[in-house]
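**Q** Quick one: sequence plus predicted model below, questions after.
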Amino acid sequence: MKFSIVEIATITQLVLLSVSAHSVQKIPLYYQKRHHDHDFVTTGARELKNGMLGGLVEIGSPPQKFILAFDTSKGFTWVRTIDCKADNCQGRCSFNPGLSTTYRDAHQLFTMDYGKGIVNTSLFLDTFKFGDIKVNQMPIGGAYLMNNFDQGFDGFLGLGRSVNLSNVARYEKRSIPESGFVPIAYQQSSGVQSAQFGMYITHQSGPGFSENGSVFKEEMAYTTKSNVTQQSTLTHEKSKPSSLMSSHSTQDSKSTSKHQVTTPGGYGNLAKRHYHKEAPAGYLIIGGVDHDAIEGKLHHIPLNNECGNSQDWAVPVRDAGFENNFHIHKHAKAILSTSTDVIGLPNKQAEEFRKRWYATYDEPDNTFMVPCCLMDQLSSFRIQLGDIQVTLPPHYWSHFRQTDSCCEMCRTNIGKSESEKNFILGSSFTNAFYTQYDSEKEQISLALKKNHIDDDLEIYQV
């Protein structure tokens, strides 16, 4: 799994999409109230360098602001804390539980393994807000140690299927709530009408965060300065995440405003950059489907649940290949994950790709590099997910550049899934489509985006 992320700050603009028989209207959600059962929320986001999306969230009371990367691979949300002393935690925003009156300690450590990245956390419950969606006592992992999460972001917003935390946590002899952000928001009636969500990219955005965490908006200086100042006022024990194991008994503070426009927030050193009006590079649609963003129809793919209750957004793979079809396992599945931009092939199929294109494998990046003189000969990636056939042209997953020699190598987003049978479909795949995730119907849906220009990208039912 690849985590080479350059963060771009989020200007979160919350709007209500009023569904009618003919169209979806986008109405600013400052003062309006919902009047329809099928209304849903869309929140602007910024595209990260490797295709991931990041959003501005608020944790605690009073709120502390962080940029979290959207992650559909796991339904587990975590954030850096003041107990993280590693080099990759320095100069970032870190959650300080001592400053939140609504913080509750779960008295349990929890480790999440992402394959090539791992995060060690201490579980806690606190108020969590994204856009205008507020969740009370949401389970969150406070990260005190991370491996292979070196770039400028503060944590992950878990949009995968919920992770069962009850078997590891001892929170006042009661079960920890399920971990997925959208299901919790739906259960708490936090303005979400269903437990489904969608995601799509609207355009390629310019640079924003640098690898040292600098941001593109001057308005973020205040948040950056205040967050860093808050962190510097405390002393910490080095041996254990003690601040996360402390207990708070203060009751949840009540909101004094019926509406709120979330302003930009960031971390690290402010880099002064001047841009014109920044339009969102994509949207996270929560609680419904934005049909105005879709060309044609949604193609539904049932989740693969052959092995019981999976915690992944995994669908069955019937066929796959490039020029020729691979020989794939009869129980192969594809996991849709926005925490990487890599299209990960099973080990044997990855080796076939390497030999066919005289590729070299960049292990830290988990991608294959192909001689640049062969890039224009690459063929489309084809995969059948359930009964849905998808064809993804090379320009979605390869990076051609002009060179003077065939000895020079060009990068692709084809890598290894570290599995003998399963595929990983990262953002190089998902960003090509409007992607809908539905935990109630247990399905994933794909559609071409509105005003799509014909470039050989295909999706159809077989």
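**A** The structure has been received and is ready for your questions. Numbers count the residues shown, from 1 in each chain.
**Q** Could you use CA atoms for every contact and neighbour count after this?
**A** Noted.
**Q** show me where the chain has helices.
**A** 181-187, 221-232, 347-356, 427-430 (DSSP state H).
**Q** which of these has the lowest average pLDDT?
**A** Among these, helix 221-232 has the lowest mean pLDDT, at a mean of 39.
**Q** Can you list the low-confidence ranges for the protein?
**A** 1-52, 91, 116, 150-152, 164-179, 189-192, 203-281, 305-311 (pLDDT under 70).
**Q** 50 instead, please
**A** Along the chain, segments meeting pLDDT under 50 span 1, 3-39, 49, 168-174, 204-278.
**Q** ok, longest strand in the protein?
**A** Longest among the strand segments of the chain by residue count, using DSSP state E, is strand 133-147.
**Q** strands paired with that strand, and their directions?
**A** With DSSP bridges as the test, strand 133-147 is paired with strand 78-80 (parallel), strand 118-130 (antiparallel).
**Q** Pipe those strands into CSV and attach mean neighbour count per row.
**A** CSV is the format used below for the strands paired with strand 133-147 (neighbours: other C-alpha atoms under 10 Å):
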stretch, mean neighbour count
strand 78-80, 24
strand 118-130, 22
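**Q** roughly how far apart are the spatially closest residue to residue 452 that is not a sequence neighbour and residue 320?
**A** Once flanking residues are discounted, residue 452 sits nearest to residue 295: 7.1 Å by C-alpha to C-alpha, 6 or more residues apart in numbering. Remark: distance between residue 295 and residue 320 (C-alpha to C-alpha, to the nearest Å) = 24 Å.
**Q** From what I see, residue 423 and residue 344 are in contact.
**A** Yes - using C-alpha atoms under 8 Å, residue 423 is in contact with residue 344, at 5.5 Å.
**Q** shared neighbours of those two, anything?
**A** Contact criterion C-alpha atoms under 8 Å, 6 or more residues apart in numbering; residues shared by residue 423 and residue 344: residue 417.
**Q** Now do the contacts for residue 396.
**A** So residue 396 contacts 428, 429, 432 (C-alpha under 8 Å, 6+ apart).
**Q** ok, now with 6 Å
**A** Shown in contact with residue 396 (C-alpha atoms under 6 Å, 6 or more residues apart in numbering): no residues.
**Q** sorry, back to before: which of the residues in the longest strand of the chain are buried?
**A** Across strand 133-147, burial judged by 16 or more other C-alpha atoms under 10 Å covers 133-146.
**Q** the domain parsing of the protein - what is it?
**A** Listed by automatic domain parsing, the domain ranges of the chain are 14-285, 293-461.
**Q** What is the burial count for the nearest residue to residue 437 once chain neighbours are set aside?
**A** Nearest residue to residue 437 in three dimensions, chain neighbours excluded: residue 444, at 4.8 Å (C-alpha to C-alpha, 6+ apart). Using other C-alpha atoms under 10 Å, the number of residues around residue 444 comes to 23.
**Q** pretty sure residue 444 is touching residue 433, no?
**A** No - between residue 444 and residue 433 no contact is recorded; they are 11.8 Å apart, counting by C-alpha atoms under 6 Å.
**Q** just to revisit the earlier point, now the strands paired with strand 133-147 in JSON lines, with distance to residue 302?
**A** JSON lines is the format used below for the strands paired with strand 133-147 (distance: least, C-alpha to C-alpha, whole Å):
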{"stretch": "strand 78-80", "distance to residue 302": "28"}
{"stretch": "strand 118-130", "distance to residue 302": "28"}
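**Q** returning to what we had before: ok, of the buried residues of strand 133-147, which one's closest to residue 110?
**A** Nearest to residue 110 out of the buried residues of strand 133-147 is residue 141 (C-alpha to C-alpha; 7.3 Å).
**Q** For beta bridges, what are the partners of the closest one?
**A** With DSSP bridges as the rule, residue 141 is bridged to residue 78, residue 123.
**Q** Show me the strands in the stretch 301-450 of the chain, by range?
**A** 314-321, 333-336, 343-345, 360-362, 367-371, 381-385, 388-392, 409-411, 414-416, 423-425, 434-438, 443-449 (DSSP state E, counting those that start in this stretch).
**Q** which one of these lies closest to residue 180?
**A** Of those, nearest to residue 180 by C-alpha to C-alpha is strand 434-438, at 12.2 Å.
**Q** Would you give the sheet partners of that closest one, along with the direction of each?
**A** strand 196-201 (antiparallel), strand 443-449 (antiparallel).
**Q** Make CSV out of those and add distance to residue 284.
**A** Below are the strands paired with strand 434-438 laid out as CSV (distance: least, C-alpha to C-alpha, whole Å):
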stretch, distance to residue 284
strand 196-201, 5
strand 443-449, 14
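**Q** now for those strands, which one comes closest to residue 397?
**A** Nearest of the strands paired with strand 434-438 (C-alpha to C-alpha): strand 196-201, 15.3 Å.
**Q** Touching the closest one from outside, list them.
**A** 281-287, 431, 434-438.
**Q** repeat for stretch 446-462
**A** 293-295, 298-299, 387-392, 433-435.
**Q** let's see it at 10 Å
**A** 198, 200-202, 291-301, 380-396, 430-437 (C-alpha atoms under 10 Å, 6 or more residues apart in numbering).
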